[in-house]
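>>> With the input below, show me the fold.
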Amino acid sequence: MRTANSTIIEKDILIDNVVKISLKSDLVDLKIRPGQFVNILIGATGETTLRRPISVYEIDSENKSFTIIFRVEGKGTRLLSEKTVGEEVNILGPLGNGFPLDKVQKGQTVILVGGGIGIPPLYETSKQLKKLGANVIHILGFNTASDSFLIENFSELNKTYVSTVDGSFGQKGFVTDVIKRINLDYDYVFACGPKPMLKALENIMDNSKLYLSYEERMACGIGACFACVCKTKKSETDYKRVCKEGPVFLAGEVI
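Just a heads-up that it's a prediction; the model follows:
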């Protein structure tokens, strides 16, 4: 982990309010792992106080760059979305614990389940699982067809199923409906998305094979401030930090 001034080398608008930015950065030398995130300092002094945590979508080690995808939701992400190619941003990272790719053996089946803006970190995860010789299956969920993005990118890697709540694209319903329909055997499930989706997955999947990436509001991003703690099932006073022990946890590890 370290800070580095990183240069924006590419910027695209994927859909309304979802932005893709690629950055040239020495942080790539630290071997960013799928599921980790970076903490970005945005704006001049006084514009924003805290860094913004954003997960990593893709890593290009050869060109020393990585890509993030984020949704514009508040002042910080709006300011980041307004930056242009050639500008620099200060980034702290890589942070947190990513998906446990070291557990996966060649030939095993891994289902990647993503919902909405939780989908991007699964892309690099899929690429690296493919390199390991795993059989990877994607299940992506959106509210409606107009909210969808990255479907083609994932489809180019491996088999991809899509659900939309209103049925305007793919299967009508939720990612859990797709899982029940296709009824696949699997060795692991890695998931990232809204909390109701993660909870629903806990209810239908083998929790010993299910790893969930959580999102919480963060301040420091390095585990010092305890702003992003989640309770565990051990006791009312036992907590884990999403930024430090997470953001990826074994199902049931945190409430």
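
>>> Next secondary structure element downstream of the helix or strand of the chain with the lowest mean pLDDT?
Of all regular secondary-structure elements in the chain, judged by mean pLDDT, DSSP states H and E, the least confident is strand 229-231 with a mean of 87. Toward the C-terminal end, the helix or strand that comes next after strand 229-231 (DSSP states H and E) is strand 239-241.

>>> right, and the helix or strand after that next one?
Toward the C-terminal end, the helix or strand that comes next after strand 239-241 (DSSP H and E) is strand 248-250.

>>> Flag every buried residue along that next one.
By neighbour count with 16 or more other CB atoms under 10 Å, strand 248-250 contains the buried residues 248, 249. Quick note: C-beta positions are derived from backbone N, CA and C, even for glycine.

>>> same thing with stretch 30-49?
Residues of stretch 30-49 classed as buried by neighbour count (16+ other CB under 10 Å): 32-43, 48.

>>> Am I right that residue 86 is in a helix?
No: assignment of residue 86 by DSSP: H, G, I helix; E, B strand; the rest coil gives coil, placing it outside any helix.

>>> burial of it, as a residue count?
Other residues near residue 86 number 8, with proximity taken as other CB atoms under 10 Å.

>>> Identify the residues contacting it.
Under the criterion of CB atoms under 8 Å, 6 or more residues apart in numbering, the neighbours of residue 86 are 7, 8.

>>> can you check residue 169 too?
Here residue 169 is in contact with 142, 144, 145, 148, 162 (CB under 8 Å, 6+ apart).

>>> switch the cut-off to 10 Å
In this structure, residue 169 makes contact with 142, 144, 145, 146, 147, 148, 151, 162, 163, judged by CB atoms under 10 Å, 6 or more residues apart in numbering.

>>> again with residue 78
Residue 78 is in contact with 17, 19, 42, 43, 48, 72, counting by CB under 10 Å, 6+ apart.

>>> Could you list which of those belong to strands?
Among the contacts of residue 78, the members falling in strands (DSSP state E) are residue 19.

>>> Now pLDDT and distance to residue 182 too, for the contacts of residue 78, in a markdown table please.
Shown next, in a markdown table, are those (pLDDT from 0 to 100; distance: CB to CB, whole Å):
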| residue | pLDDT | distance to residue 182 |
| --- | --- | --- |
| 17 | 95 | 31 |
| 19 | 98 | 32 |
| 42 | 86 | 40 |
| 43 | 69 | 45 |
| 48 | 73 | 43 |
| 72 | 96 | 33 |
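
>>> Before I go, just wanted to say thanks for your time.
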